[in-house]
Every structure is written in C-alpha cells, then in structure tokens.
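Asks: Please find the sequence and the predicted model below.
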Amino acid sequence: MSQNQMGGLAGKILRVNLTSHSYRVETTNEQYFRQYIGARGVGAKMLLDELKACIDPLSPENKLIFLTGPTEGTIAPGANKITVTFKSPLTGTYSFSLCGGSLGPELKFAGYDGIIIEGKAEKPCYLWIDDDKIEIRSAENIWGKLTHKAEDTLRAELKDPAVKIAVIGPAGENLNRYACIQHDYHREFGRGGCGAVMGSKNLKAIAVRGKNTVYAHDQNALTQITLQVYEILAKHPKANLRKAQGTCEMVNGINDLGFLAVRNFNDGNSPLAGKVSGTEMKDNYVFGDVSCFGCPVACGKNCIIESPKYGKIKIEGPEFETMALVATNTCVHDWNYILKAVDIIDQYGMDTITCGGTVALAMECYEKGILTDKDTNNIKLNFGNGEALCQLVEMIGKREGIGDILAEGLKYTAEKWGVPDLAMHSKGSSFAAYDPRGAKGMGLTYAVSTKGAHHMFAPTFGVELAQNNRFEERGKGTLVKENQSFMAIVDSMSLCSSMRFALSLSMQLDIIRSITGIALSETEAMEIGEKIVTLEKLFNVREGFSRKDDTLPPRMLKESPDNGPCRGQSINLDVMLDEYYDVMGWDREGRPTPSSLDKMGLGPYKDIVV
Amino acid sequence: MKTLVVDQSKCAGCRICELWCSLQHEQVANPALSRIKIVRSHANYFCLPVTCTQCVNPPCVSSCPNQALSQDEQTGGILADLEKCIGCRKCLKACPNAAISFHTQTRKAITCDLCSGRPICVTRCPMGALQYIDSAYAHRPSLENIARHNK
C-alpha cells in the first residue's frame, strides 16, 4: 500500500457498471478531495457533473456515489461516517445520506475511497469487495430476505463474521421511496430513498473486507490530537449524557421546550413524552452500549423487551429522531409497540423518520374521516394505537393494502387523498423531530435544505436556544448560512456530527491537517462548506427547483400550538427566505447569481442559472 | 503476575483497542495488525474482545516447531522471534482463545507481549471492558458477570 501525496486517501475509486456486469478501478481524483474535503463535498461535485438533468431517480441513469472522507480508517475519533450521494426518488432533489458503524473504515482498509454504482443489473446481485479482489455475485438466494437475515446469510456464505455489509430489505426491493440501506443490523444510510435506488438497480448488498493501512501525513500529530479529543469527550457533559442514555437524552428537553414532534406536529409537547425519554430507556430496556468504529462515546444503546404479544425483541436503538417520529409523533408510548415497530422498519429497510411522518399523516387522516375502515382493512388507525402502528409499518414494508400508497411517501399520499396540507414535509422529505415553530431557524433549515426537510442540514436550534431568540425570524438567514457550511465540513471529513459539539472548527481542521497535510484556515474551510452547499443547490436549480419549493406546510405558517411554551407561534418564512437568499448572494427566487458563482470559483456552472 | 481480563458485557465494539495496539506495535493504526481482536455477534447483540490470556505453559510456545515463541517471565506476555517464525500457524491452532494473528505482509505470528507490562488496550478502552489484574483474581470478574447478567 503506497503513500499518497495527500494523506488519508486510499487512492482508488471502484466504479461498477451493473448493466454490463463490469467494474473499473480508477485513481482517486485528488483534486476533488483537495477542493471539497471528501465524502459529502466530493459527492456533491460528482453528482452534479456525472448525472444529466431530470433523470428518473429509479432508472438505471441514477447513480449511487459512496464516498469516504480522508479521516476514515485512521485513529481519529468518530471518523466513521460514509456517505452516499444520489438523486432522491422521494424528493427529486440532490440527496446524500450518512451511515455510521464500520463500513466506511473497512472500505478504506480494502483500498478504496469510494464506490460508484451505475446502471442496472439484469438479475439480483451483490458486490463483494475483498481488498483488490472484486466480484459481482448472484444475490438470488438473498433477494426478498429481511435485512438481518440477508446480512447473516452473506456472512455465512463468505465464511467470515467480520465482513462489513450494506444491504437493502424488501422495502428497497419494492422501491419504497424512502427505503434505506442498512448496515451492521441497525445503522443506516437513512434518508432520501437511497435503498430504493439500490433496489431499482437490482443490487441487494455490498460486502467489504480489507486489511490495508490508511496513512496519515503526520501520525504523531494525529496521535496527539486524538488523545486530546478523548480527554475532551471524557469530560464533556453532552458526550457523557449520550454515553449514559443514548440520543434519546434529548426527548425531555425538547418536549419541555414545546417543540417536539407530537400528533403529526399538531402539538409540540406531550405529557407522556417522559415515558420514552433517555432515562426511561436506560432504566428499563438498555442491556448494552454500542459504538461506531473508533468512537469513545458509545451512544448506541441495545434494548430488549419481553413482549407478551411479540415475544423477545432486541434492537440497537431507538435513536432520538426515530423515537420522535415513530413514537411521540404517533402518540404511541408503549415500549412493546415502539420496539416492535422500529424492528419492523429496520428489517424491511426503511427510513424511520419518513416512515413515522407518513404513518402520523395517515392517523390524522383516519381521525378526520378522510380514511375509513374500508381503506385501512379495519385497522383502527387512531393516534396512540400501537398495534395499528406495528401493523401499518409492516404493510408499508410489504406494499400491502394501504401500505402501497404510503410507500410513496407523505407528500404523494397527502396529495392523493386530497389533503396536501396535512403532510409535514418540505420537498417530500418529512420533518425531523423538531417542530420549527419552536425554533424558527429550523423552519428555514427544513425549507432550504438541499435534500428536502432535514434537521442536520443546519441544526440551528442549539444556538437559538443559547441565544434565547428561537421565536425570532430575524437573523436566522445568517445563522443557517453559517451553520450549513460548518455541517458541510463535518460531513465531508466523515466525522460523526457528535464530534462537532465537542470539537471546535479549529480542532477539526487540525485533525484534517495531520491526516492530509492540507492546512486550512477557518475562513477557507467555511468557504469550502459554502461551495459544497452551492453545488448541491445548483443540482436542484438544474432540476427546476426554486423559491416556490422552499416551503413549509400551512400548519407551520398559519397555525400555532394551542398550549405549551410555543403557544401562539407560527412562522414568517418569507422574511427568513429573503434574508437567507440575500446573505447567500442569491436572487430572490433562491437561485445563485452568475456573479456569486464566479466569486466562489464555480463559474463553469453559470449556464445552470442563466 | 497479571493477566488480561475481559468484561464482554461492557464492550461496545468501538475497536479503539485494535487501533492503539497496532499503532503501538506496528507504528500504523490498522486493526488487521492488532493483537487484540473484537469479534461481533450481530444476532446476539454483543461484542467479544479476543485476547491472549497468558497461559501457564502456553500451548502456543510448545507447539512451535521452530521454538520461535517464548513467554516473558516477568509479564507472562508471549514474544515472537520473527527470524525463527515460519508462519506455519500451528500456534494459532494450539491457542485455546484463537488469539494469535498473522502479519498481513510478513505472514509471521503476531503475539501479545502485553506492551512490556503496560498494555495499551487496557489504557485506551473507553468502556472499561479490559482489565489487567493479578491472575489470582482473574476469575472474579467472570463470576461477577454471571451473577449480574445471567442471560
């Protein structure tokens, strides 16, 4: 394994053409990694350059661009997030998704910075990457299997329990528009429907095993920084809270502040939310901790329940977002049903957030009489009915009955039933756990996120709470602009975003420098972040998206929670959009101007905006 | 003499031990070159750190046809003479823990020498899953585990 000029890179990209059942090993374009750091950033550049405009996301023309960052495979803490970049079948926009666990590091150990999947296989297959031995193998004996069974079968077939696998479940196979790609049983490339893209290509799984070294430019410096980060994390209150309770430590706080997803975002607070809090989970259901590769926090929690109805259920999770969208948003607080529902969603391979948001929509429609018992096969789809939740998510996974409609996502479903205003989404992507009326910056984030509503595009609520201005619209354009760039850097480095609450930007840049040899100032890094977001935006502009699509549902703009701390709050989105577009240097239609593109070195893309 | 003791219920599978072990011994952080290995059982929701347990009259030492392995008298760690090692893997077959691995490039035995008495894996484990304690008490964590978990 030779050392590259730029440290941290493995040096090769695997390009697989499933149509011709062939592959090519390419040299990693180091320039892209220098310009855009890695992972998310390089993916944005490649998707824009390699895809034509306006393709069908479920056609062979779409691509799955899996990319690691330069930190993966090194000793850097929390350096384990691999991304996949693709055109989303759910939103029709640019999209990317992150996955933790150990897939990214293993891919680097195998010698690849990324994998590009093109075309469509004639028959179900899986990709086997064993260092430099590559095979496209038949997946006919695992097609149709639930994700866990598929992983188990592959590990047995490949005679190696240490093989790292990314796999789709039946939902990806039947083109559920928010199907995810599952890994290590309970880690996912969650959002955007990448599982459906993989299913549309007849690709069931990718299996990886590697044994090479990923070289850092300055290992001594990296070792020192790593030890410093361990120290910071060991003392950091948030890291310790996550170690103790997992991400559900957030439930009570967000609920008390009145902006938790409750009852399809009709309420922001539930008196029952305490039943699904992190402490409740830790005290009654957790039996072990789980870490992604190289991370000392171990925020993953293994839970177990002996359900009288469903038998023994073991899962890693639920995570906070899952708990909010699948439990509090559907008003189900009984752990028998919550763990069962999440297990079903993971086994069929669906995004828990979009699934929860879609089920909550269906529940509201049922309670309002828009759906009848005839539509639901006599399932009483009331809020709070845990058994109905479990039945429904399985029907969605199988595309059975009403599940066939719900598998298309909440925007499609609401429009089909004549109630488009009841779907809590932006561009077809479900809201995350935060009711944006309780932190207006999140409303702007959901509306302008380049992959449709997503909290991590610019998770502004932390700053908004700290600055005590969460109900103000003013200043949020600037806040999102700054926050989004910071997130683009974290996502492109492949650091878990849980590192970002403990590490300053300057420390993250130290990590990058020790690994790659590239010294970036904070200003330069933020400029790269802004450039990455602009590339993502350009993809969407080319697809025809503009201000008219940077929307929020009327419930957010015209209605308020009836009680709780966010009583009376609704969102003035226009004023935030105007400020955001202005500070981004875009026109008021939300499109980058030719001069702003020139200024940031994206002049070659001007034809998209003229 | 001290020995490595694992509390499997605390292992979160982060593999930080593998990264530091390889860095310590091979000057690069690469789990393939680690002495300690984390084996995950997905179906059973646990991770098992596989380590050398510093046997008395270690079978690995006696099985080597070239006398390439020896045991450090002070620490109990296993030392591999790489000039004598031929990579036949008899030591791995003999080891009751299957805790010997082989260098991916030299093909020779990689054994746990306990980092000369200050095992780095124990120092770095963020979960407290690894201990380095007096052999006289090494069985106690296991008994405590059985009593505590009984699953």
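Replies: Done, it's in.
Asks: Is A:Leu535 located within a strand, as I assumed?
Replies: No - counting by DSSP: H, G, I helix; E, B strand; the rest coil, A:Leu535 falls outside a strand, being helix.
Asks: in terms of contact, does it touch A:Leu48 like I think?
Replies: Yes - with contact defined as C-beta atoms under 8 Å, A:Leu535 reaches A:Leu48; the gap is 5.5 Å. Any C-beta I mention is one placed from the backbone N, CA and C, and that applies to glycine too.
Asks: who does A:Ile181 bridge with?
Replies: Under the criterion DSSP bridges, A:Ile181 forms beta bridges with A:Phe189.
Asks: Would you confirm that it contacts A:Leu98?
Replies: No - assessed by C-beta under 8 Å, A:Ile181 is found out of contact with A:Leu98, at 11.1 Å.
Asks: Quickly list what's touching both of the two.
Replies: Shared contacts of A:Ile181 and A:Leu98 (C-beta atoms under 8 Å, 6 or more residues apart in numbering or on different chains): A:Phe189.
Asks: between those two, who's got more neighbours?
Replies: More crowded of A:Ile181 and A:Leu98, by other C-beta atoms under 10 Å in any protein chain shown: A:Ile181, with 31 against 23.
Asks: for that one, what are its contacts?
Replies: So A:Ile181 contacts A:84, A:97, A:99, A:166-168, A:172, A:188-189, A:194-195, A:198, A:349 (C-beta under 8 Å, 6+ apart).
Asks: now, among those residues, which is nearest to chain B?
Replies: For these, the residue nearest chain B by C-beta to the nearest C-beta is A:Val167; the value is 11.6 Å.
Asks: Name whatever forms a beta bridge with that closest one.
Replies: Taking DSSP bridges as the rule, A:Val167 bridges to A:Gln182, A:Ala205.
Asks: residues touching it, list them.
Replies: Counted by C-beta under 8 Å, 6+ apart, A:Val167 has contacts A:147, A:150-151, A:154, A:181-183, A:204-206, A:349.
Asks: Could you find the closest non-adjacent residue to the residue with the shortest distance to the centre of chain B?
Replies: Centroid-nearest residue in chain B: B:Thr51, 2.5 Å away (criterion: C-alpha atoms, centre = their mean). Nearest residue to B:Thr51, sequence neighbours excluded (C-beta to C-beta, 6 or more residues apart in numbering or on different chains): B:Leu4, at 4.7 Å.
Asks: Help me confirm that the one you found is found in a strand?
Replies: Yes - assessed by three-state DSSP, B:Leu4 belongs to a strand.
Asks: Around chain B, pick out the residues from the stretch 51-200 of chain A.
Replies: The stretch 51-200 of chain A has residues A:74-75, A:102, A:109, A:148, A:151-152, A:155, A:161-162, A:184-185 near chain B, with proximity defined as C-beta under 8 Å from any C-beta of the partner chain.
Asks: mind giving me TSV with the residues you listed and columns for pLDDT, neighbour count and secondary structure?
Replies: Formatted as TSV, those follow (pLDDT from 0 to 100; neighbours: other C-beta atoms under 10 Å in any protein chain shown; DSSP: H, G, I helix; E, B strand; the rest coil):
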residue	pLDDT	neighbour count	secondary structure
A:Thr74	98	29	coil
A:Ile75	98	25	coil
A:Ser102	98	27	coil
A:Phe109	98	25	helix
A:His148	98	18	helix
A:Glu151	98	25	helix
A:Asp152	97	18	helix
A:Arg155	97	18	helix
A:Pro161	93	12	coil
A:Ala162	95	15	coil
A:Asp184	96	24	coil
A:Tyr185	97	24	coil
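Asks: shared neighbours, A:Leu535 and A:Leu48?
Replies: A:Tyr605.
Asks: Show me which of those two is the more surrounded one.
Replies: Remark: of A:Leu535 and A:Leu48, A:Leu535 carries more neighbours, 25 against 21, as counted by other C-beta under 10 Å.
Asks: Contacts only, for the nearest residue to that one once chain neighbours are set aside.
Replies: Spatially, and ignoring its direct neighbours in sequence, A:Leu535 is nearest to A:Ala44 (4.2 Å; C-beta to C-beta, 6+ apart). A:Ala44 makes contact with A:36, A:85, A:94, A:96, A:532, A:535-536, A:539, according to C-beta under 8 Å, 6+ apart.
Asks: Go again with 7 Å.
Replies: A:85, A:532, A:535-536 (C-beta atoms under 7 Å, 6 or more residues apart in numbering or on different chains).
Asks: again, but for A:Ile165
Replies: A:Ile165 neighbours (C-beta under 7 Å, 6+ apart): A:151, A:154, A:183, A:205, A:207.
Asks: Three-state assignment for it, please.
Replies: Assigned with three-state DSSP, A:Ile165 falls in the strand class.
Asks: Over to B:Gly128?
Replies: Following three-state DSSP, B:Gly128 is assigned to coil.
Asks: Tell me how many other residues crowd it.
Replies: 10.
Asks: now A:Arg242
Replies: Applying other C-beta under 10 Å, I find that A:Arg242 has 24 neighbouring residues.
Asks: try A:Asp218
Replies: Around A:Asp218 there are 15 residues (other C-beta under 10 Å).
Asks: if I look at it, how far off is chain B?
Replies: From A:Asp218 across to chain B, the span is 13 Å (C-beta to the nearest C-beta, to the nearest Å).
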